[in-house]
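Trainee: Turn this into a model:
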Amino acid sequence: MTSSTSNFYAEENKIFVATDCIVFGFDDGELKLLIFKRRVAPHEGDWSLIGSFVKPSEDVDEAAQRVLKEITGLDNVFFEQSKTYGKADRDEGARCISVAQFALIRIDEYDRKLTEKHGAYWYKLEDLPKLVLDHDQMVTDALSKLRSRAKHQPIGFELLPEKFTIPQLQSLYEAIFQRKLDPGNFRKKVLSFEVLKKQAEKDKSASKRGAYYYMFDHQKYQNLLESGYNFEIL
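Mentor: Numbers count the residues shown, from 1 in each chain. Here you go, the predicted model:
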């Protein structure tokens, strides 16, 4: 950077950049969101999404990875940019632009003690308290994007255990879309993609007959995705 350019930037007003993470989890047939009590003013003590200012040395995605690791203890969490929020008056604390990320994690895998240490808790979507700033809108937009992706890609597998049943998968999609699905049609559709590997063991927790476990074939899915295959689930 030349000295003239440096001087030009030095004369400009400073704007903060933050990243806020909309962390979805699936538990006992319910889609849940991870939120915590805000620790800084303004709105200290109110419910908030999990986020952080982006450090000067970080990419925005690196900041999101750091936040997710600090709160859940998990590496390699699936996340994707949802939307950028830049209204001039969105944060009375400072002029701040936030890049929202929606993340999907398996609730049974996260570090519970670490999450509780940060004062974070899981809430059912229908039971969410009022969130600070424009975080309610961030959740609405992220859920809309999640639904759009889930219609055409088996994105929901990021929320399930490594081994799952077709009824469990259907329960997840019903939670995402907030409506009942026909079991026969759903089963036929997801099996037609041939990206599920049937296992020998069954889950007999719901019935004596039981339901076979399946595992997601990531490599086969990736190959089909690269070939332009359309995974239209609904």
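Trainee: ok, now which ones touch Leu234?
Mentor: Leu234 makes contacts with 150-151, 173, 177, 181, as judged by CB atoms under 8 Å, 6 or more residues apart in numbering. (C-beta placed from N, C-alpha, C; glycine too.)
Trainee: same check, this time on Leu143
Mentor: Under the criterion of CB under 8 Å, 6+ apart, the contact partners of Leu143 comprise Leu125.
Trainee: and the host helix or strand of it, how far out from the chain's middle?
Mentor: Remark: Leu143 resides in helix 135-152, with elements defined by DSSP states H and E. Computed by CA atoms, centre = their mean, to the nearest Å, the separation of helix 135-152 from the middle of its chain amounts to 9 Å.
Trainee: Let's see that helix as CSV, backbone CA atoms only.
Mentor: Once non-C-alpha atoms are left out, helix 135-152 reads as follows in CSV (Å, rounded to 0.1, in the frame of the first residue of the first chain):
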residue,chain,number,x,y,z
HIS,A,135,-31.3,-10.7,15.1
ASP,A,136,-34.9,-11.8,14.8
GLN,A,137,-34.8,-10.8,11.1
MET,A,138,-31.5,-12.7,10.7
VAL,A,139,-33.2,-15.9,12.1
THR,A,140,-36.2,-15.4,9.7
ASP,A,141,-33.9,-14.9,6.7
ALA,A,142,-31.6,-17.8,7.6
LEU,A,143,-34.6,-20.2,8.1
SER,A,144,-35.9,-19.2,4.7
LYS,A,145,-32.5,-19.9,3.1
LEU,A,146,-32.2,-23.3,5.0
ARG,A,147,-35.6,-24.3,3.6
SER,A,148,-34.7,-23.3,0.1
ARG,A,149,-31.5,-25.3,0.2
ALA,A,150,-33.2,-28.3,1.9
LYS,A,151,-35.7,-28.5,-1.0
HIS,A,152,-33.0,-29.2,-3.5
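Trainee: tell me the SS of the spatially most central residue of the chain?
Mentor: Ranked by distance to the mean C-alpha position of the chain (CA atoms, centre = their mean), the top residue is Ala103 at 2.2 Å. Assigned state for Ala103: strand (three-state reduction, DSSP: H, G, I helix; E, B strand; the rest coil).
Trainee: thought it was touching Asp20?
Mentor: No: counting by CB atoms under 8 Å, Ala103 does not reach Asp20; the two are 10.7 Å apart.
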